[in-house]
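> Turn this into a model:
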Amino acid sequence: MNNINKESISQISQQAPIPLEYGGQRFDKVAALLFSEFSRAELTRWIVEGDLTLNGKTTKPKTTVWGGETLALNTVREVREAWDKAEPVDFEIVFEDEDILVINKPVGLVVHPGAGNPSGTLVNGLLHHRPSLSELPRAGVVHRLDKDTSGVMVVAGSHKAQRHLVEAIQERAVERRYMAICEGVMVAGQDVDKPIGRDLKVRTKQAIRDDGKPALSQIRVRERYRSHTLVNVKLGSGRTHQIRVHMQSIGFPLVGDSRYGCRRIIPKGADPETIAVLRNFDRQALHAAKLAFAHPQSGEMLKFAVAPPDDFNQLNETLAEDAR
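Reported below is the predicted structural model:
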């Protein structure tokens, strides 16, 4: 047996009734909706091991549920990160009410604790700002941005809001628009509809794979520069690293994105300032600019927009000046 410190073990005991509207779906899919703080892989494993039951009985992940049943989860889990630790963290709250918080995430802030980032994350800051979020799965987080991607994201403030937002994202009813600066001059925009999955050689990367999950990025040209392009991207899905992978796949990697093929292109004859800005931009040039969704309580359509951070603006202005 593995020797595990008792302080690193979490006893989990939860129950949840299945809403009638979930009837006809698979057990594992419904479990992922109702226990969204856990990964689909964890939930599937607990179903197989008998720790997650349906009306008190062990069954298969693919079993169809009809609504009205009760899910019961009783298991132990090794805890490696400080998901429940409240810490002061610097981020901007764009909008807040009882049901939602809309955040402008700064560059460099990790959304949730994980390997290499056990604390000091947005989740830890959210718990400091609103301690009641500790009662929600994943502290209300329903989607995330990469550490070095800036911009707007929504966090649930209640159980009802979290269920609503998770379903809205899965049904593509949450509109997400990004700004990005890529290497190369795009002649025209295009829709990239290519499935994405984990890279088989490098587990920290994603890749285009025939057996991956469907992914659609609608890319539109905003400004063309001498060797670069400013684009708007609307997501039709939300896969890990989706825009970065799709832009690389069509030959236009994002400025600064060394993980996905940026070549540090410098416009011919560029002045020293332009060269310095391009060489020193050390993150993917990607910003979540706009977010739109129906309020989980009132149903009112909400739209939020946040301006890019200073480094993104400086990069864009430098390229525009170089092109004049």
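> Which element, helix or strand, includes the residue nearest to L34 when sequence neighbours are not counted?
Spatial nearest neighbour of L34, excluding adjacent residues (C-beta to C-beta, 6 or more residues apart in numbering): A16 at 4.3 Å. From N, CA and C alone the C-beta is placed, and that goes for glycine too. Taking DSSP states H and E as the criterion, A16 maps to strand 9-17.
> Tell me how far that strand lies from the chain's centre.
How far strand 9-17 lies from its chain's middle: 25 Å, per C-alpha atoms, centre = their mean, to the nearest Å.
> what comes up buried for it?
Going by neighbour count (16 or more other C-beta atoms under 10 Å), the buried part of strand 9-17 is A16.
> Show me the shaky parts of the protein.
Scanning the chain with the threshold set as pLDDT under 70 gives 1-10, 77-83, 115-116.
> According to the record, where do the domains of it fall?
With domains defined by automatic domain parsing, the chain comprises 6-78, 92-170, 175-323.
> out of those, deepest packed?
When you average the neighbours per residue for each of these (mean count of other C-beta atoms under 10 Å), domain 92-170 leads with a mean of 19.
> so what's Q297 closest to, chain neighbours aside?
Leaving aside its chain neighbours, Q297 sits nearest to D99 (4.9 Å; criterion: C-beta to C-beta, 6+ apart).
> which ones are touching the one you found?
Counting by C-beta atoms under 8 Å, 6 or more residues apart in numbering, D99 touches 156-158, 160-161, 295-297.
> repeat for R176
234-235, 238, 288, 290-291.
> how distant is the longest helix along the chain from the center of its chain?
Among the segments of the chain that qualify as a helix by DSSP state H, the longest is helix 310-323. For helix 310-323, the separation from the chain centroid amounts to 26 Å (computed by C-alpha atoms, centre = their mean).
> quick one: contacts of it?
Helix 310-323 has contacts (C-beta under 8 Å, 6+ apart) with 107, 150, 179, 181, 223-226, 228, 230, 255, 267, 270-271, 273-274, 277-278, 281, 283, 285, 287, 307-308.
> Return the subset of those residues lying in helices.
273-274, 277-278.
> Just the closest of those to Q206, please.
L278 (25.0 Å; C-beta to C-beta).
> Do you have the helices of this protein handy? List them.
27-34, 40-49, 122-129, 159-170, 242-249, 272-280, 310-323.
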